[in-house]
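K.L.:
The sequence and its predicted three-dimensional model are supplied below.
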Amino acid sequence: MYSYWKLHKYPIIIALGCVFFYYTFAYHLIREDFVKLLSLYSVLFFFYYKLIQFEKWNFKFLLVTGILFRLIFLFSDPNLSQDFYRFIWDGELIKNGINPYLYTPNTLIEQSDLAVANPQQLYEGMGSLSARHFSNYPPLNQLIFTISTFIGGGTILGSLVVMRLVIILADIGILIFGRKLLLHLGRSNHLAFWYFLNPLVIIELSGNLHFEGVMLFFFVWAMYLISVQKWKLAAPVYALSILVKLVPILFLPLFLKHLGLKKSTLFYSLVGFTCIIFLLPFYSSEFITNYAQTVGLWFSNFEFNASVYNLVKKVGVVYFEAKPWELVKAYGSLVPKLVISIALLLTFLRKNQDLKKLLGSMLLLLSSYYFLSSTVHPWYIVFLLVLAIFSDYRFAMVWSATVVLSYFTYANPDFKENLWLITLEYCLVFGYFIYEIFKNHNIKARFSKKINLG
């Protein structure tokens, strides 16, 4: 024991420091206190870097510390997001035979005989924005919500604990399959810990109960299966990823070159069939209309932590006297078209037959989508982190460090963004991204060679 302490003294001290700061974050922080939030996050990010620097080859040490950091949040209420109230609400509805895609909370709360545990607390907790819309969470996500309410015994804390355990297990799964995929790609498997120990991942997933981790578990598992030529088995697993969060739909065209026309057609069919099986229990004539309407709101009504959109908005309002509420709708209708165009370009112009190229195309496509989007919540960056560990790009890690600046918005009673902080965030992200493009493609050397030849 003494010899272990002597060899690992500093990492152990750092890990204990992380335990203290994560505990403070989980139980003694409100999101309005931006200075405290930023201070805690900055220290945790520095410790995260040092832990991997010291112990990157010590799998057991990093695995245990990563799980311990997550378990600290087990009995806490999420303090940076109120989405969990809607998760439990939807789970309670399904448990009682009510389709969450057909009724808004505003409509249901008026019923005196509503068979939902803690209805008023859940309704008030989710906020007016969520309460006036139909559910936008895909079927497998809904299944997890429902299981959590069954096992949780009708208590909010019980449901929170179940959902957290699911997310923690998913993160462990990402680590396992991520390490296998890294080895198959000829990369060092310790890179998976840049995801597993990242404070953004721990705080936003285990802490604030966002299900990106569950989606990514199925995504990474599917990509590993594809890497070992088990693409038929990968298809339903990939569908499960979509059925947690819709984001992986973006990447479907990219498989065309990787699998070839015949295999990709069967792959798409298996993905579609699996999705239909899970959608059938919720299907009704109103389902598609309600769901499409709710998902469409993310493109046309909301704005948070945007980069390109904020620039367009500034130019449009100042120089062309555009009305902000009209601008976000017009811009929101344009984004899907731009993203589809980028997806098609990456599908047909890049050599996605190579798995590394395929994963790189996914990183470029998702980055483009987030750069263009009018809404980029901090937990969205988690998907980029996973894709980045399979590539030579690390700008997603920079983004995971700077995205916390967007939480300044909640320090204001009117939720007004500080555009100077948003500008700082994106200057650092874009700056590092451009630097990596030059470095990874040897653009400077090529340019110098061209000058010399000329």
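P.N.:
Perfect, I can see it now.

K.L.:
Check which helices and strands the longest helix anywhere in the chain sits against.
P.N.:
When the chain is parsed with DSSP state H, its longest helix is helix 156-184. In terms of contacts (3 or more Cβ pairs under 8 Å, 6 or more residues apart in numbering; DSSP states H and E), helix 156-184 is packed against helix 59-71, helix 83-95, helix 139-152, helix 193-196, helix 212-227, helix 381-389. Glycine gets a C-beta too; all of them are placed from N, C-alpha and C.

K.L.:
Would you mind writing the CA trace of the fourth one as PDB?
P.N.:
This means helix 193-196. Provided in PDB are the C-alpha atoms of helix 193-196 (Å, rounded to 0.1, in the frame of the first residue of the first chain):
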ATOM      1  CA  PHE A 193     -10.200   8.500 -21.200                       C
ATOM      2  CA  TRP A 194     -10.200  11.900 -22.800                       C
ATOM      3  CA  TYR A 195     -13.900  11.300 -23.100                       C
ATOM      4  CA  PHE A 196     -14.500   9.200 -19.900                       C
END
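
K.L.:
ok, residues contacting that helix?
P.N.:
52, 56, 62-63, 66, 171, 174-175, 178, 201, 382, 385-386, 388-389, 397 (Cβ atoms under 8 Å, 6 or more residues apart in numbering).

K.L.:
Can you list the buried residues in it?
P.N.:
Neighbour counts over helix 193-196 (16 or more other Cβ atoms under 10 Å) mark 193-196 as buried.

K.L.:
Check the third one too.
P.N.:
Within helix 139-152, the residues scored as buried using 16+ other Cβ under 10 Å are 139-149, 152.

K.L.:
ok so, going back, show me the one of the helices and strands packed on helix 156-184 that comes nearest residue 205.
P.N.:
helix 212-227 (4.3 Å; Cβ to Cβ).

K.L.:
I'd like to know which of the helices and strands packed on helix 156-184 is closest to residue 282.
P.N.:
Nearest to residue 282, of those and by Cβ to Cβ, is helix 139-152 at 6.0 Å.

K.L.:
as a whole number, average confidence for the closest one?
P.N.:
Over the span of helix 139-152, the pLDDT mean works out to 96.

K.L.:
for stretch 177-184, same thing?
P.N.:
For stretch 177-184, mean pLDDT is 97.

K.L.:
Residue 190 and residue 51, how far apart?
P.N.:
From residue 190 across to residue 51, the span is 12 Å (Cβ to Cβ, to the nearest Å).

K.L.:
Neighbour count: the two, which is higher?
P.N.:
Taking neighbours as other Cβ atoms under 10 Å, residue 190 and residue 51 compare with residue 51 leading, 23 against 17.

K.L.:
you'd agree the more buried one is up against residue 62?
P.N.:
Yes. Assessed by Cβ atoms under 8 Å, residue 51 is found in contact with residue 62 at 7.0 Å.

K.L.:
overlap in contacts of those two?
P.N.:
Common neighbours of residue 51 and residue 62 (criterion: Cβ under 8 Å, 6+ apart): residue 197.

K.L.:
The spatially most central residue of the chain: what's its closest spatial neighbour, skipping adjacent residues?
P.N.:
Closest residue to the average C-alpha location of the chain: residue 380 at 3.5 Å, with Cα atoms, centre = their mean. Computed as Cβ to Cβ, 6 or more residues apart in numbering, the closest residue to residue 380 that is not its neighbour in sequence is residue 370, at 6.2 Å.

K.L.:
can you pull the contacts of the one you found?
P.N.:
376, 380-381, 384.

K.L.:
For those, which single residue is the most surrounded?
P.N.:
residue 381 (28 neighbours).

K.L.:
Now do the contacts for that residue.
P.N.:
By Cβ under 8 Å, 6+ apart, the neighbours of residue 381 are 200, 370, 396, 399-400, 403.

K.L.:
okay, these in JSON lines with pLDDT, secondary structure and distance to residue 294 next?
P.N.:
Formatted as JSON lines, these follow (pLDDT from 0 to 100; DSSP: H, G, I helix; E, B strand; the rest coil; distance: Cβ to Cβ, whole Å):
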{"residue": "200", "pLDDT": "98", "secondary structure": "helix", "distance to residue 294": "26"}
{"residue": "370", "pLDDT": "96", "secondary structure": "helix", "distance to residue 294": "20"}
{"residue": "396", "pLDDT": "97", "secondary structure": "helix", "distance to residue 294": "28"}
{"residue": "399", "pLDDT": "97", "secondary structure": "helix", "distance to residue 294": "27"}
{"residue": "400", "pLDDT": "97", "secondary structure": "helix", "distance to residue 294": "28"}
{"residue": "403", "pLDDT": "97", "secondary structure": "helix", "distance to residue 294": "25"}
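
K.L.:
Of those - the most surrounded one?
P.N.:
Neighbour max across those (other Cβ under 10 Å) = residue 396, 29 neighbours.

K.L.:
Report the separation between it and residue 37.
P.N.:
From residue 396 to residue 37 the distance is 21 Å (Cβ to Cβ).

K.L.:
Check residue 412 too.
P.N.:
14 Å.

K.L.:
Also residue 105?
P.N.:
Taking Cβ to Cβ as the measure, residue 105 falls 29 Å from residue 37.

K.L.:
How about residue 421: what's its closest non-neighbour residue?
P.N.:
residue 405 (4.4 Å).

K.L.:
I figured that neighbour hits residue 420, correct?
P.N.:
No. Using Cβ under 8 Å, residue 405 is not in contact with residue 420; the gap is 9.5 Å.

K.L.:
Compare neighbour counts for those two and give me the winner.
P.N.:
residue 405 (22 against 10).

K.L.:
Counting neighbours, what do you get for the residue nearest to residue 389 when sequence neighbours are not counted?
P.N.:
Leaving aside its sequence neighbours, residue 389 sits nearest to residue 191 (Cβ to Cβ, 6+ apart; 4.6 Å). Residue 191 has 18 neighbours, counted by other Cβ under 10 Å.
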